[in-house]
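J.: Got a sequence here, can you build the structure:
(one chain, ligands or ions: 2)
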Amino acid sequence: MGMKQPELKLREHGPDQEMGSWVMAGPCSAETEEQVMATARALKKVAGVKAYRAGIWKPRTRPNSFEGVGAAGLPWLKRVKREVGLPVAVEVARAEHVYEALTYGVDILWVGARTTVNPFSVQEIADALKGVDVPVWVKNPINPDLGLWIGALERLNKAGVKKLGAIHRGFSTQDNSQYRNSPKWELALDLKNQIPHLPIICDPSHMGGKRQYLSELAQKGLDLGMDGLMLESHVNPDQAWSDPAQQLKPEALNQLLNGLQHRNGNEMVNECEARLEALRGEIDYIDQELIEIIWRRNRVAEKIGEYKKANNVPILQVQRWKELLEDRIKKASGMGLNRAVIEDIYNRLHLHSIEAQAQS
Ligand code: PEP
Ligand code: MN
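T.: Residues are numbered from 1 along each chain as shown. Ligands and ions are numbered 1, 2, ... in the order given. Model prediction:
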């Protein structure tokens, strides 16, 4: 069983030998020619920035958000390339975007999270790229599904795209903590394990959603062996037409990049350690939730205690407790959990809740 190991035919591009030093930066969206040029000129001075990104067509979750300037912005990127001297990158979601971007000499394409989820769209892009030797970066799909991410890379590779890379931007899940998108590092590490030669860069901007989280996420990405970063940068982030809370002024980006620790090849944690670290992170997160749930359970027990007291009902009601315990053991063992362990846990929880009721 299990999935077949993907066999991708890749050619080198993008990230260089200095791990993590390859940065693609630029505004979430190209808004005006002035904003595009001013941001690009400022980013040209930031060490590490190797390519300029700007969204031209913006797939938005909700309508009535800014959906991008469209092809009108492509000549601006051509100017960036010619006058500033940075390779330019745009997001493509349809065949038409591919043709238009290539017509204007766009150097790098990326596939957005809302597109990677759809094999029809990815195939359309792949077909449009037949015979074209342009680097393509594939963002992880919105939902935590590694198969979709790999599938998109395979479709492009089958169409002949050999300069491929992946962008880890986090996932939309129920358990989103403080971040806009849950990193789920283990998925990116799994991709790295399955396709070791594929460059993967981390996108802390869409992962964090807020400026305050960018540096910790960027560092974590590098610590886990990512080959570089994609970061949103705008000359006037607070006035940005999309994603204002997560964009950095070019000077702030420079500061962030200077503050990062780069590890060389020898210091790199091996895959096994990195994987363990990611799984431990998951345990920490689950335990945090577990503690909160126990706390909530006790608050409810206190309320029951107050009610019983007001109505002269005894605290311990044996029949109710027996039924509850049987029900929980049945549910838990139905999920393959050990009966005795669940019984122990519930006995402790019950005592805890009786104490809470007695104190209320
Ligand atoms: C973007 O890069 O601006 C973007 C829309 O990102 P994502 O596809 O990761 O949401
Ligand atoms: Mn964005």
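
J.: For the protein, just list every one of the strands.
T.: 22-26, 49-53, 88-91, 108-111, 136-139, 164-168, 200-202, 228-232 (DSSP state E).

J.: Using PDB, list the CA coordinates for the fourth one.
T.: Once non-C-alpha atoms are left out, strand 108-111 reads as follows in PDB (Å, rounded to 0.1, in the frame of the first residue of the first chain):
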ATOM      1  CA  ILE A 108       9.300  33.000 -13.000                       C
ATOM      2  CA  LEU A 109       5.700  31.800 -12.500                       C
ATOM      3  CA  TRP A 110       4.000  30.500  -9.400                       C
ATOM      4  CA  VAL A 111       0.800  28.600  -8.800                       C
END
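
J.: How about the residues of the stretch 201-350 of the chain by ligand 1?
T.: Within the stretch 201-350 of the chain, the positions adjacent to ligand 1 are residue 206 by Cβ under 6 Å from any ligand atom. Yep, even glycine has a C-beta here, placed from its N, CA and C like the rest.

J.: Close to ligand 2: what parts of the stretch 201-350 of the chain are there?
T.: residue 243 (Cβ under 5 Å from the ion).

J.: low-scoring pLDDT stretches of the stretch 201-350 of the chain, where are they?
T.: Applying pLDDT under 70 to the stretch 201-350 of the chain flags residues 263-272, 274-275.

J.: rerun at 80
T.: Applying pLDDT under 80 to the stretch 201-350 of the chain flags residues 263-279, 281-282, 285.

J.: Which residues are in contact with the residue in it positioned nearest to ligand 2?
T.: Closest contact between the stretch 201-350 of the chain and ligand 2, by Cβ to the ion, is at residue 243 (3.9 Å). The neighbourhood of residue 243, defined by Cβ atoms under 8 Å, 6 or more residues apart in numbering, consists of 28, 29, 205, 206, 232.

J.: Mind putting those residues into CSV with neighbour count?
T.: Formatted as CSV, the contacts of residue 243 follow (neighbours: other Cβ atoms under 10 Å):
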residue, neighbour count
28, 24
29, 25
205, 27
206, 24
232, 27
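
J.: Pick out whichever of the residues you listed sits closest to residue 69.
T.: residue 29 (7.4 Å; Cβ to Cβ).

J.: thought that closest one was touching residue 67?
T.: No: with contact defined as Cβ atoms under 8 Å, residue 29 does not count as touching residue 67 (9.0 Å).

J.: okay, and the common contacts of the two?
T.: residue 58.

J.: Just give me the longest helix of the protein.
T.: Longest among the helix segments of the chain by residue count, using DSSP state H, is helix 271-310.

J.: Single out the residue in the stretch 51-200 of the chain that lies closest to ligand 2.
T.: The stretch 51-200 of the chain approaches ligand 2 most closely through residue 55 (6.3 Å), counting by Cβ to the ion.

J.: ok, so what distance separates that residue from residue 117?
T.: According to Cβ to Cβ, to the nearest Å, residue 55 stands 18 Å off from residue 117.

J.: The two: which is more packed in?
T.: residue 55 (26 against 17; other Cβ atoms under 10 Å).

J.: check contacts around that one.
T.: So residue 55 contacts 27, 28, 29, 30, 68, 90, 91, 242 (Cβ under 8 Å, 6+ apart).
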